[in-house]
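# Return atomic coordinates for the entry below.
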Amino acid sequence: LTGSYSVLIKEPGIVIYGLCIIWLLWRLLVKERSILKAALLLISSALGVSVSIAVLANAVGGFSPLIEVLKHVKEAMPTNQYAIDYQTGPWYNFLLGLWLISPANTILCAMGITGALLDYWYPDEESILKNERNKSAIIGIIFFIVAFMAVAMATPYCQNLRYINVLYVPFYLVSALGLRYIISFARIMIKGFSLYVIIIGIVIAVGVTALSD
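Below you'll find the predicted structure:
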């Protein structure tokens, strides 16, 4: 219901919903090996999206006007001077934008993704991913960040941080995960009073970063 409703709010809603469906399908088919649940997911989501599209069509007077509106949006972007001047450029502009907004959290996010992927393949007793529910949530969030960012990078005339604001919360969550890995590494490498000094220093640094952001 939430996914189908998101289609009515903004164009990226269909991308967000689609990525969530892909993740759930992977869980159902690969992890649970349930073809029936996967089929029910596809049928129910297709039905929900169909209802949403019907609602949109009804609001604009039919399916033909709805298709015409979408075509105009696509055709207008290459002639939009703002999009040409400020929403066009190399693929890495999104990453540069996140770096300009918060260098510290960009580094922590990269550490969180790297740590989680290494943790996933080489779990141990100290691993945060030894819990299956934690593993599913963390890897799912990382999948969503990477996949949505890839779609945004590949879409012409759409390099605007406002268009990826759905990633802000996942971005900071994975940054927090990166911080957790740093503290875990410090606990392994350093013992005694020095460890507490370092942890206090990290906490102060995070506080200063949050205030500056």
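
# ok, and the closest non-adjacent residue to the most centrally placed residue in the chain?
In the chain, the residue lying closest to the centroid (CA atoms, centre = their mean) is residue 145, at 2.6 Å. Spatially, and ignoring its direct neighbours in sequence, residue 145 is nearest to residue 170 (5.0 Å; CB to CB, 6 or more residues apart in numbering). In short, each C-beta sits where N, CA and C put it, glycine included.

# same thing with residue 127?
Excluding its sequence neighbours, the residue lying closest to residue 127 (CB to CB, 6+ apart) is residue 119, at 5.2 Å.

# What's the local residue count around that neighbour?
22 (other CB atoms under 10 Å).

# Buried residues, the helix or strand where it lies. List them.
Taking DSSP states H and E as the definition, one finds residue 119 inside helix 103-121. For helix 103-121, the neighbour count (16 or more other CB atoms under 10 Å) marks 104-106, 108-109, 111-113, 115-116, 119 as buried.

# Now do the buried residues in the lengthiest helix in the chain.
For the chain, the helix with the greatest residue count under DSSP state H is helix 35-60. Residues 38, 41, 45, 48-49, 52-53, 56 are the ones in helix 35-60 that count as buried (16+ other CB under 10 Å).

# mind checking how far that helix is from the chain centre?
Relative to its parent chain, helix 35-60 has a centroid offset of 23 Å by CA atoms, centre = their mean, to the nearest Å.

# Which elements pack onto that helix?
In terms of contacts (3 or more CB pairs under 8 Å, 6 or more residues apart in numbering; DSSP states H and E), helix 35-60 is packed against helix 2-6, helix 12-26, helix 63-76.

# Out of the ones you listed, flag the one nearest residue 149.
Ranking those by their distance to residue 149 (criterion: CB to CB) puts helix 12-26 first, at 10.8 Å.

# Can you name the residues in contact with the closest one?
The contact list for helix 12-26, computed with CB atoms under 8 Å, 6 or more residues apart in numbering, reads 3-4, 6-7, 38, 41-42, 45, 49, 140, 143-144, 147-148, 151, 163, 166.
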